[in-house]
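pasting the sequence and the predicted coordinates here, then a few questions.
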Amino acid sequence: MTKLEHLQDFTSQVRRDILRMVHAVNSGHPGGSLGCAEFLVTLYQEIMDRKEGFDMNGKNEDIFFLSNGHISPVFYSVLARSGYFSVSELSTFRKLNSRLQGHPTTHEGLPGVRMASGSLGQGLSVAIGAAQAKKLNHDSHLVYVLTGDGELQEGQNWEAIMYAAAKGVDNIIATVDYNGQQIDGSTKDVLSLGNLKAKFEAFDWEVVEIEQGNSIEAISTGMNLAKEKTGNGKPICVLLHTEMGNGVDFMMHTHAWHGKAPSDEQLAKALEQNPETLGDY
Amino acid sequence: MKKYTNTGSKDTRSGFGAGMTELGQKNENVVALCADLIGSLKLDDFKKNHPDRFFQIGIAEANMIGIAAGLTIGGKIPFTGTFANFSTGRVYDQIRQSVAYSDKNVKICASHAGLTLGEDGATHQILEDIGLMKMLPGMTVINTCDYNQTKAATIALADHHGPAYLRFGRPVVPNFTPADEPFVIGKAILLNEGTDVTIVATGHLVWEALIAAEKLEEQGISAEVINIHTIKPLDENAILQSVAKTGCIVTAEEHNMLGGLGESVSRVLALNNPKPQEFVAVKDSFGESGTPEQLMEKYKLNNEAIVEACNKVIARK
């Protein structure tokens, strides 16, 4: 099996996890989770330089922050299947006394999570702080953060975007899940983001566009290019063009599955499109 | 009664600055963040001595709180500095999610709290910050009374793991805490023993409480004075022991009556030993422009107001 085939199988299993977790509690956010499955799988399995086990300070390894915390299903699945905690624990998602809260938290001590997210707009600032701590610690590893595109409507992001460039925080790669959708409709209709690439460039960031944000090969190429651009005085932004609901035909090309769980019938149909590869939890 | 000597009036914010200067020398993990108020927060020395550990964030307090949370990941101990209003109300959700709920070791240090900010007026005079911060699970809340205590509290916070809010102010006030007195988080300080009434004061009202106790002594009333520098966790035993003896209590704070120290004390009494209580606090209003002295008189936050409250509460026993 080639590396690519392995990552494709991994992604298929992550999609199954997402669908089954959300279905089991009839709540959660499958659309954005499915759209970022290839990205998070590639990031954790190929791009990031990670250490065994989990330590909150994350010294001498790459670290990742999820700012758009509502896509917790994909985060939890990738974390579990990357060895941070038992895959069987995915069955506790959103249930009472679980470490897998609706939105990620450090509060219950879930390995792999370094900050709570859910209230939008805060992750970029936190990631920048962690990146500056790495510089103080003479740690040459990178900090990755993922934000939603609609999330950029929160003003705190623009404080952080201005700051990172002004202070030369060049060990951060901030990826925007550029799917063009948010709860109330398309970002164009709700509050247009305008020319996002031009905006980041105007704030003096390096921008890498990944047009095929659901292609593992394209993600791998784009993220490696982003890595090459670090250390040159500028923060790096990756505009990751994704399809919300990717991998399940009836969940694609709509914002309807932002925060809605599939029925029994819909789940069966969705699972048919995504074969079990690594074993269901 | 026991005499306390003012060893030279200073502002509490300068105590914070001095504490940061000392921490900068002795703890290399301590970092400071400021939102365009270096002079007001007395962080000039820290910035000059440790430019690599000082972060000028600009006028962007939400970003400052997030960056501080991130700096803890990597083992740093961040102290953020800005005015109390911009340290709390402006960034409540950032503190709630990125600091308190995420259990990050961030020290939120806030100057210009309360009415004694003075002429700038109500936009800057936050009187709700203690309430906002004490409601956050896991948050330690400290309101110091003078220069020496603020300096000691700043230094003590570096050795305390967990989110904390340190509140101090702008005006020059008497400095009477012994310079070598260690600061113990959560441990009240009994300043004067008495038998007729307990005065529990925090922040700038502690000195006023001491003056009030002297005036009460002249009236033949024996007042016990307790300095509650830590509002959360509250030293409940100190309060209950004193009230068991005096049978009534006056709380004094430069804060809204709703949500402040007084209500925390009421809860302790209601659960353990209900006794009459009077509140020296702002009566659910905003502040306004004026000199600190004028404002403290108008809003009844001085020693005269404490004396009046003591007489009232004793009559209710």
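Cool, got the structure. Just so you know, these numbers come straight off a predicted model, no measurement behind them. Numbers count the residues shown, from 1 in each chain, chains lettered A, B, ... in the order given.

which residues of chain B fall in strands?
Listed in chain order, the strands found in chain B under DSSP state E are B:10-11, B:30-34, B:54-56, B:77-83, B:107-111, B:140-143, B:164-167, B:172-173, B:189-192, B:197-201, B:223-227, B:230-232, B:249-256, B:277-282.

can you get me a residue count around residue 88?
Using chain A. A count of nearby residues for residue A:88, using other C-beta atoms under 10 Å in any protein chain shown, gives 9. Backbone N, C-alpha and C define where each C-beta goes, glycine included.

can you look at chain B instead?
25.

reformat the strands of chain B as JSON lines; add mean pLDDT, mean neighbour count and distance to residue A:251.
Output for these, formatted as JSON lines (pLDDT from 0 to 100; neighbours: other C-beta atoms under 10 Å in any protein chain shown; distance: least, C-beta to C-beta, whole Å):
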{"stretch": "strand B:10-11", "mean pLDDT": "98", "mean neighbour count": "20", "distance to residue A:251": "60"}
{"stretch": "strand B:30-34", "mean pLDDT": "98", "mean neighbour count": "25", "distance to residue A:251": "42"}
{"stretch": "strand B:54-56", "mean pLDDT": "98", "mean neighbour count": "19", "distance to residue A:251": "43"}
{"stretch": "strand B:77-83", "mean pLDDT": "98", "mean neighbour count": "27", "distance to residue A:251": "41"}
{"stretch": "strand B:107-111", "mean pLDDT": "98", "mean neighbour count": "27", "distance to residue A:251": "42"}
{"stretch": "strand B:140-143", "mean pLDDT": "98", "mean neighbour count": "28", "distance to residue A:251": "46"}
{"stretch": "strand B:164-167", "mean pLDDT": "98", "mean neighbour count": "29", "distance to residue A:251": "44"}
{"stretch": "strand B:172-173", "mean pLDDT": "97", "mean neighbour count": "18", "distance to residue A:251": "63"}
{"stretch": "strand B:189-192", "mean pLDDT": "98", "mean neighbour count": "19", "distance to residue A:251": "62"}
{"stretch": "strand B:197-201", "mean pLDDT": "98", "mean neighbour count": "30", "distance to residue A:251": "59"}
{"stretch": "strand B:223-227", "mean pLDDT": "98", "mean neighbour count": "26", "distance to residue A:251": "61"}
{"stretch": "strand B:230-232", "mean pLDDT": "98", "mean neighbour count": "23", "distance to residue A:251": "46"}
{"stretch": "strand B:249-256", "mean pLDDT": "98", "mean neighbour count": "29", "distance to residue A:251": "49"}
{"stretch": "strand B:277-282", "mean pLDDT": "98", "mean neighbour count": "24", "distance to residue A:251": "54"}
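
need those in a markdown table (columns: distance to residue B:129).
Shown next, in a markdown table, are the strands of chain B (distance: least, C-beta to C-beta, whole Å):
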| stretch | distance to residue B:129 |
| --- | --- |
| strand B:10-11 | 18 |
| strand B:30-34 | 18 |
| strand B:54-56 | 22 |
| strand B:77-83 | 10 |
| strand B:107-111 | 7 |
| strand B:140-143 | 9 |
| strand B:164-167 | 6 |
| strand B:172-173 | 18 |
| strand B:189-192 | 22 |
| strand B:197-201 | 17 |
| strand B:223-227 | 19 |
| strand B:230-232 | 11 |
| strand B:249-256 | 8 |
| strand B:277-282 | 12 |
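
possible to save those strands as CSV with distance to chain A?
Listed next are those as CSV, based on distance: least, C-beta to the nearest C-beta, whole Å:
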stretch, distance to chain A
strand B:10-11, 29
strand B:30-34, 7
strand B:54-56, 7
strand B:77-83, 8
strand B:107-111, 14
strand B:140-143, 17
strand B:164-167, 17
strand B:172-173, 34
strand B:189-192, 33
strand B:197-201, 32
strand B:223-227, 33
strand B:230-232, 18
strand B:249-256, 25
strand B:277-282, 30
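
in stretch A:231-239, what's buried?
Taking 16 or more other C-beta atoms under 10 Å in any protein chain shown as the basis for neighbour counts, the residues of stretch A:231-239 that come out buried are A:234-239.

strands - which of these land there?
A:236-239.

how far away is residue A:159 from residue A:249?
Applying C-beta to C-beta, to the nearest Å, one obtains 40 Å for the distance of residue A:159 from residue A:249.

okay, and residue A:114 sits in which element?
With elements delineated by DSSP states H and E, residue A:114 resides in a region that no helix or strand encompasses.

who's in contact with it?
Under the criterion of C-beta atoms under 8 Å, 6 or more residues apart in numbering or on different chains, the contact partners of residue A:114 comprise A:56, A:58, A:63, A:65, A:106, A:130, B:73.

tell me the contacts of the nearest residue to residue A:151 once chain neighbours are set aside?
When the adjacent residues along the chain are set aside, residue A:151 lies closest to residue A:120, with 4.5 Å between them (C-beta to C-beta, 6 or more residues apart in numbering or on different chains). When the contact criterion is C-beta under 8 Å, 6+ apart, the partners of residue A:120 are A:67-69, A:148, A:151, A:154.

ditto for residue A:178
For residue A:178, the contacting residues are A:149, A:196, A:213, A:239-242, by C-beta under 8 Å, 6+ apart.

what do you get if the cut-off is 6 Å, keeping everything else the same?
With contacts defined as C-beta atoms under 6 Å, 6 or more residues apart in numbering or on different chains, residue A:178 is in contact with A:149, A:239-241.

helices of the stretch 201-317 of chain B, residue ranges please.
When assigned using DSSP state H, counting those that start in this stretch, the helices of the stretch 201-317 of chain B occupy the ranges B:205-218, B:236-246, B:261-272, B:292-298, B:303-315.

may I see the buried residues of the shortest one?
Applying a neighbour-count criterion of 16+ other C-beta under 10 Å, one finds B:292, B:295-296 buried in helix B:292-298.

what does it rub up against?
With contact meaning C-beta under 6 Å, 6+ apart, helix B:292-298 is reached by B:115-116, B:118, B:171, B:302.

just checking, next helix/strand downstream of the top helix by length along chain A?
Determined from DSSP state H, the single longest helix within chain A is helix A:3-25. Scanning forward in sequence from helix A:3-25, with DSSP H and E defining helices and strands, the next element found is helix A:30-35.

for that following helix, which helices and strands make contact with it?
In this structure, helix A:30-35 makes packing contacts with helix A:3-25, judged by 3 or more C-beta pairs under 6 Å, 6 or more residues apart in numbering or on different chains; DSSP states H and E.
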